[in-house]
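>>> fold the following, please.
(one chain, ligands or ions: 1)
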Amino acid sequence: MTDTTDVIVIGAGAAGLMCAMQAGRRGRTVRVIDHARRPGRKILMSGGGHCNFTNEDVRAEHYLSHNPHFCKSALSRFSQWDFIELVRRHGIAFSRREHGQLFCDEGSGRILEMLLAECRQAGVALGMETEIEAVSRLGERRFALHTNQGIYECASLVVATGGLSIPGSGASGLGFEIARQFEIQVWPLAPGLVPLTLQPKDKERLADLAGIAVEAAVRCGKKQFRDPLLFTHRGLSGPAILQISLEWQPGQEIGIDLLPELNLAEELEAQRQHHPRRALKSALAERLPKRLAAVMAPPEWADIPLARLSSAQVQQIATGIQQWRLKPGGTEGYRTAEVTLGGVDCDALSSKTMEARAVPGLFFIGEVVDITGRLGGYNLQWAWSSGWCAGQYV
Ligand SMILES: Cc1cc2nc3c(=O)[nH]c(=O)nc-3n(C[C@H](O)[C@H](O)[C@H](O)COP(=O)(O)OP(=O)(O)OC[C@H]3O[C@@H](n4cnc5c(N)ncnc54)[C@H](O)[C@@H]3O)c2cc1C
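Below is the predicted model of the structure:
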């Protein structure tokens, strides 16, 4: 049996549901197909369960892409304010946190419920646990999907399959395969917004620090982020590290300032004046968590009174803590990454409609596209904006 609708959206995630509800509202018949048991798994996981659904300050600079201008059109046509208006209309309470990030007070489930309610109202059919076996093009604006539930045909096919991160969440590479099948370039993929692991020597040295969090400035190349840094059993995490993971390339060093608000050399000189008999590691513990101070103090000087350290040594110690250079071993990979860098080439798509230029009727939206937001609600905003745009044209 063949089921025919105007639109098929592959992927019941953030972008797919937004696109489906928009298309449904326009009177299009829409079916969303997903192989997972439940829709919107990543929405539920997002923001530590409180869905950082957007940011008050959304600009193209908050996104990485081989085409840095591509995202501008969608982000301005369906902006953070449009999504906030939708959230308000559904009576969902939210709060503003640092850097303009907006989080759901009652949990991510409220955002998913909102999208599903909108889809229901717009008459969207939702087919979960549907495995896609093949996608074929029958002619101009005519596609067929062969699945374990039968054959589905449509005039507009929207690929909203997301990225590769968190394999248990329903993530798959299907969207990238469909792009390649239609000879659309896919930029190399890599895990992003991901904790960094350490080289064995550093891992051993920092092993006792797991659980410690400090405010730090972390630098890689020309980019610097000042946010919390967390020491873990496997390496380094926390917002500052997740942000820098988008810049970091294997083999590169990162620079860490563990006391970004302070001139540590001046601080140690001052302590030397007033507390000359204080041991170096105790002096450092005035500003850093004790365990971290003990590790960052060079072992040969850790127990030496400040009075016995020369100015050059003080400077050297301060440099080690404020310009700490570290070569990460790698990343934790897709297992814990929040996003996938790279993806479907923007140049192959219309920035207004998200339709593939060379394949009329085929659309790509959300994370499958080569647009990666920084930490702070930008990835979901891209999903809403790109989904909304495609929803106007499918
Ligand atoms: C732990 C975590 C926390 C995050 N927190 C935030 C946050 O707070 N703010 C923010 O902006 N971003 C956050 N993100 C990123 C954000 O969730 C994603 O960028 C966003 O969900 C992407 O939306 P999407 O619709 O493109 O893809 P997804 O939401 O991933 O949806 C893709 C859908 O496609 C389906 N699918 C995949 N392959 C197939 C297939 N072969 N057949 C059928 N269906 C398929 C999947 O089952 C899934 O339902 C977080 C990500 C993670 C992993």
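>>> helices or strands up against the helix or strand containing I321?
Assessed by DSSP states H and E, I321 sits inside helix 311-322. Counting contacts by 3 or more Cβ pairs under 8 Å, 6 or more residues apart in numbering; DSSP states H and E, helix 311-322 packs against helix 264-274, helix 280-285. Heads up, the C-betas are built off the backbone N, CA and C, glycines and all.
>>> swap the cut-off to 6 Å and go again
helix 264-274 (3 or more Cβ pairs under 6 Å, 6 or more residues apart in numbering; DSSP states H and E).
>>> which SS class is L236?
Assigned with DSSP: H, G, I helix; E, B strand; the rest coil, L236 falls in the strand class.
>>> going forward can the numbers begin at 6, since that is how I track them
Sounds good: first residue 6 from here, last item L241.
>>> so what's the backbone phi/psi at the residue of the chain found nearest the ligand?
The nearest approach of the chain to the ligand comes at G18, 1.9 Å away (Cβ to the nearest ligand atom). Phi and psi for G18, reported as degrees, to the nearest 10, are phi -110, psi -160.
>>> find the nearest non-adjacent residue to D110, please.
In space, and not counting its chain neighbours, D110 is closest to A98: 4.1 Å by Cβ to Cβ, 6 or more residues apart in numbering.
>>> same thing with S242?
Residue nearest to S242 in three dimensions, not counting chain neighbours: P200, with 3.8 Å by Cβ to Cβ, 6+ apart.
>>> please point out which parts of stretch 130-141 sit buried.
130-132, 135, 137, 140 (16 or more other Cβ atoms under 10 Å).
>>> now those residues as JSON lines including distance to A28?
Compiled in JSON lines, these are given as follows (distance: Cβ to Cβ, whole Å):
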{"residue": "A130", "distance to A28": "12"}
{"residue": "L131", "distance to A28": "13"}
{"residue": "G132", "distance to A28": "15"}
{"residue": "T135", "distance to A28": "18"}
{"residue": "I137", "distance to A28": "19"}
{"residue": "V140", "distance to A28": "19"}
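>>> so which of these also contact the ligand?
Counting by Cβ under 6 Å from any ligand atom, I137 from the buried residues of stretch 130-141 sit close to the ligand.
>>> now, which of the buried residues of stretch 130-141 lie within strands?
Those of those mapping onto strands are 130-132, 137, 140, per DSSP state E.
>>> including pLDDT, could these go into JSON lines?
Below are these laid out as JSON lines (pLDDT from 0 to 100):
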{"residue": "A130", "pLDDT": "98"}
{"residue": "L131", "pLDDT": "98"}
{"residue": "G132", "pLDDT": "97"}
{"residue": "I137", "pLDDT": "98"}
{"residue": "V140", "pLDDT": "98"}
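>>> that older thread, listing partners with orientation, what would you give for the helix or strand that the helix holding I326 is followed by?
Per DSSP H and E, helix 316-327 leads on to strand 329-331 as the next helix or strand towards the C-terminus. According to DSSP bridges, strand 329-331 forms sheet pairs with strand 259-262 (antiparallel).
>>> where do the helices sit along the stretch 56-205 of the chain?
Using DSSP state H, counting those that start in this stretch, the helices assigned to the stretch 56-205 of the chain run over residues 76-82, 85-94, 114-126, 179-186, 205-211.
>>> just the CA coordinates of the fourth one, formatted as PDB?
To tie it back to what came earlier, the one meant is helix 179-186. Taking Å, rounded to 0.1, in the frame of the first residue of the first chain, the C-alpha atoms of helix 179-186 are listed here in PDB:
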ATOM      1  CA  LEU A 179      20.700   9.000   7.100                       C
ATOM      2  CA  GLY A 180      20.400  12.700   6.300                       C
ATOM      3  CA  PHE A 181      24.000  12.900   5.100                       C
ATOM      4  CA  GLU A 182      23.500   9.700   3.000                       C
ATOM      5  CA  ILE A 183      20.500  11.200   1.400                       C
ATOM      6  CA  ALA A 184      22.500  14.400   0.600                       C
ATOM      7  CA  ARG A 185      25.300  12.300  -1.000                       C
ATOM      8  CA  GLN A 186      22.700  10.200  -2.900                       C
END
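>>> so how far is that helix from its chain's centroid?
21 Å (Cα atoms, centre = their mean, to the nearest Å).
>>> can you name the residues in contact with it?
Applying Cβ atoms under 6 Å, 6 or more residues apart in numbering, the contact partners of helix 179-186 are 140, 164, 166, 191, 349, 373.
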